[in-house]
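> below: sequence and its predicted model.
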Amino acid sequence: MSIQPAIRFEKKRVTIKRALLSVFDKTGIVDLARELHSKGIDIISTGGTAATLSKAGIPVTQVSELTGFPEMLDGRVKTLHPVLHGGFLGRPNYQKDVESMQENGIEPFQLVVVNLYPFEEVIKKDVTLEMAIENIDIGGPAMIRSGAKNVDHVCMLTDPAQYVDFFDELDEENQVGFDFRFQQSQRAFAKTSAYDVAIQSYLYDLGGTGFPEHITLHYQKHSSLRYGENPHQAAAVYGNQHDCIECIHGKQLSYNNYLDVDAALNLIYDFRNEPPTVAIIKHTIPSGVGVSENLKQAWKLAFATDTMSPFGGIVAVNRPLDLETATEIDRIFTEIIVAPEFETDALELLRKKANRRLVIFKNIDSIISKTLFRSVFGGVLCQQSDNISPDTKNFRIVTKIKPDEAQMRDLLFAWKVVKRVNSNAIVYAKNLHTIGIGSGQPSRIDSSELAVRKAKKFGLTLEGSVVASDAFFPFADGVEAAAEAGARAVIQPGGSLRDKEVIDTADKHGMAMIFTGLRHFKH
């Protein structure tokens, strides 16, 4: 049975006579209060806000004077009182509300200005659980919800950025319209929703209790995009991308650009502690990856894997980009170059092409998503990110021949790369650079054949290479094909019913093989 409203909205302009101001972020609050006072509007406020306004010479009534109770429990309780919430929620056009308010000495508020303890900012720092909990606002969200619910009679402001718009809306009779109030009510509920989600996410991440029974995704709009994957699809990006990356040159990133940059950052994350590394990404898939003693050489190795795909692609590096490397990259057209930093002379060179985007990524450890969401029919799929680092302690050498030191380095390199290649994924590598990459094929043997064809196409030899597979080889034919191509060592999860056949085939060809016990599907 639904609860029916006692009275319908009048949607009239409301005259502001009385305002409650209680804010943590005091930006602009003195100017707001001074203007309200100049218009004859009574101001009621809480401890810290009241002290700020009084210091500025603005007459203010303390909340405790209305409630008859002092702030208590170190400020935890100060606004949870019927005199306040009755004033927020009372409807002056509903007789029962009017009578109840008169009986209890409650006067209505027409303006409520509240912002919250900065829980999300606090938890970004290295804080204790006790500190995080202490920064969970209780009275603030309650006041916001009360004021926002009574939208037909109350204007609810939750952000200093709204103050200017409020005064633009306020007319000479101190009135604000319903459409403006409704817009601020929408924002208010979005604010409390996001606040609760931040708390929920923090506690679940901290407690390691798995996924909650209910998931609410709430991100602030970062910007509208020109379109989505195709021009006929509208798109926008939500979240705190400005905390993660900064585009220092070129046009706004597109929908597809964001996907490619995300793929590039995930791959570079795996090489964050490695020697100079260059990754080239095209349509979210690495076309080449190289590791060397400097970025210039790493670029040459990565580019040699596939000299066609990098045109219009994304280049990502794990070191500040120097002029020598920038000069090499500048020989072809690249959509985006992603780096932790650009040296001054490299930046000067690369900025000469207006259509190229230059992106700086900030702390790589903090920008990789812990949780992945993907929309499906009826809802979303949710999973932890595949950001686990390879643990060689769990590796098993299952063949008669063991990989030598150089092969082991290449196997670990290929294993990191194959994690970022779409399944079925096959990566051939040698001397810490990719030689052939096969991805997204219906069968593993198809991916292997594609990788071999591409290596030959670009004049690369697979002789003495290693091969990585993101999942087990279901049949021995994949290892057979790798051996024929010239591979001498294999890294794969293992776990197939035909593992023995696969191992026997590797032994027959004098190959070394490692079982990682860990799969890296990427769909």
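Arrived safely. Numbering: from 1, shown residues only.
> those strands in the stretch 351-500 of the chain, which residues are they?
357-361, 371-376, 379-384, 396-397, 426-430, 433-438, 465-469, 487-492 (DSSP state E, counting those that start in this stretch).
> out of those strands, flag the one nearest Glu10.
When these are compared by C-beta to C-beta, strand 379-384 sits nearest Glu10, at 38.3 Å. In this view, the C-beta of every residue, glycine as well, is placed from N, C-alpha and C.
> what is the mean pLDDT for the closest one?
Averaged across strand 379-384, the pLDDT comes to 86.
> can you show me the CA trace of it as PDB?
C-alpha atoms of strand 379-384 as PDB (Å, rounded to 0.1, in the frame of the first residue of the first chain):
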ATOM      1  CA  GLY A 379      21.700  -4.800 -14.400                       C
ATOM      2  CA  VAL A 380      25.500  -4.900 -14.100                       C
ATOM      3  CA  LEU A 381      28.300  -7.400 -13.600                       C
ATOM      4  CA  CYS A 382      30.800  -6.600 -10.800                       C
ATOM      5  CA  GLN A 383      34.200  -8.000 -10.200                       C
ATOM      6  CA  GLN A 384      37.500  -7.200  -8.600                       C
END
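> got the angle for that strand vs strand 371-376?
Per axes from the mean of the first three to the mean of the last three C-alpha atoms, to 10 degrees, the angle that strand 379-384 makes with strand 371-376 is 160 degrees.
> partner strands of strand 379-384, parallel or antiparallel?
Strand pairing for strand 379-384, using DSSP bridges, gives strand 371-376 (antiparallel).
> what's in contact with the strand it pairs with?
Outside strand 371-376, the residues that touch it by C-beta atoms under 8 Å, 6 or more residues apart in numbering are 217, 380-385.
> please name whichever of the strands of the stretch 351-500 of the chain is nearest to Ser45.
strand 371-376 (39.6 Å).
> quick one: that closest one to chain centroid distance?
In this view, strand 371-376 has its centroid 12 Å away from the chain centroid, taken as C-alpha atoms, centre = their mean, to the nearest Å.
> can you give me the buried ones in that strand?
Buried residues in strand 371-376, counted by 16 or more other C-beta atoms under 10 Å: none are found.
> swap in stretch 504-511?
505-506, 509, 511.
> care to break this protein down by domain?
14-207, 239-366, 392-515 (automatic domain parsing).
> returning to what we had before: now the strands of the stretch 351-500 of the chain as a markdown table including distance to Gly105?
What follows is the strands of the stretch 351-500 of the chain, written out as a markdown table (distance: least, C-beta to C-beta, whole Å):
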| stretch | distance to Gly105 |
| --- | --- |
| strand 357-361 | 58 |
| strand 371-376 | 50 |
| strand 379-384 | 49 |
| strand 396-397 | 77 |
| strand 426-430 | 75 |
| strand 433-438 | 75 |
| strand 465-469 | 75 |
| strand 487-492 | 76 |
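> now the helices for the stretch 151-300 of the chain?
163-169, 178-207, 255-270, 295-305 (DSSP state H, counting those that start in this stretch).
> so where's this structure shaky on pLDDT?
Residue ranges of the chain with pLDDT under 70: 1-3, 70, 72, 74-75, 77-78, 207-210.
> one step back: what about the buried residues of stretch 504-511, which are in helices?
Mapping the buried residues of stretch 504-511 onto helices (DSSP state H) picks out 505-506.
> hmm, back to that, of the helices of the stretch 151-300 of the chain, which is nearest Leu36?
Comparison of these against Leu36 by C-beta to C-beta identifies helix 163-169 as nearest, at 9.4 Å.
> distance between that closest one and the chain's centre?
Taking mean C-alpha positions (C-alpha atoms, centre = their mean), helix 163-169 and its chain are 32 Å apart.
> mind giving me the packing neighbours of that helix?
helix 29-38, strand 155-157, helix 178-207 (3 or more C-beta pairs under 8 Å, 6 or more residues apart in numbering; DSSP states H and E).
> winner for burial among those?
strand 155-157 (a mean of 27; mean count of other C-beta atoms under 10 Å).
> partners of that strand in the sheet?
Using DSSP bridges, strand 155-157 pairs in its sheet with strand 111-114 (parallel).
> contacting residues around the partner strand?
Contacts to strand 111-114, defined as C-beta under 8 Å, 6+ apart, come from residues 16, 18-23, 29, 32, 36, 41, 88, 140, 143-144, 146-147, 154-158.
> buried sites along the helix or strand following that strand?
Counting by DSSP states H and E, the next helix or strand C-terminal to strand 111-114 is helix 119-122. In terms of neighbour count (16+ other C-beta under 10 Å), helix 119-122 has its buried residues at 119-120.
> which strands or helices does helix 119-122 pack on?
Here helix 119-122 touches helix 129-134, helix 178-207, going by 3+ C-beta pairs under 8 Å, 6+ apart.
> let me know the angle separating the last one from strand 371-376.
Helix 178-207 runs at 120 degrees relative to strand 371-376, counting by the same axes, to 10 degrees.
> can you give me the helices in the stretch 401-523 of the chain?
Using DSSP H, counting those that start in this stretch, helices in the stretch 401-523 of the chain cover 405-418, 444-457, 477-485, 499-508.
> possible to save the ones you listed as JSON lines with distance to Gln184?
Formatted as JSON lines, the helices of the stretch 401-523 of the chain follow (distance: least, C-beta to C-beta, whole Å):
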{"stretch": "helix 405-418", "distance to Gln184": "49"}
{"stretch": "helix 444-457", "distance to Gln184": "54"}
{"stretch": "helix 477-485", "distance to Gln184": "61"}
{"stretch": "helix 499-508", "distance to Gln184": "63"}
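> and of these, who's closest to Phe395?
helix 405-418 (8.9 Å).
> just the buried residues of that closest one, please?
For helix 405-418, the neighbour count (16+ other C-beta under 10 Å) marks 407-418 as buried.
> wait, what's in contact with Arg357?
247, 249-251, 253, 257, 335-337.
> what separation do you get for it and Asp137?
39 Å (C-beta to C-beta, to the nearest Å).
> one more: Gln162?
With distances taken as C-beta to C-beta, Gln162 is found 18 Å from Asp137.
> take the helices and strands packed on helix 119-122 and write them to JSON lines, including distance to Glu229.
Output for those, formatted as JSON lines (distance: least, C-beta to C-beta, whole Å):
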{"stretch": "helix 129-134", "distance to Glu229": "38"}
{"stretch": "helix 178-207", "distance to Glu229": "27"}
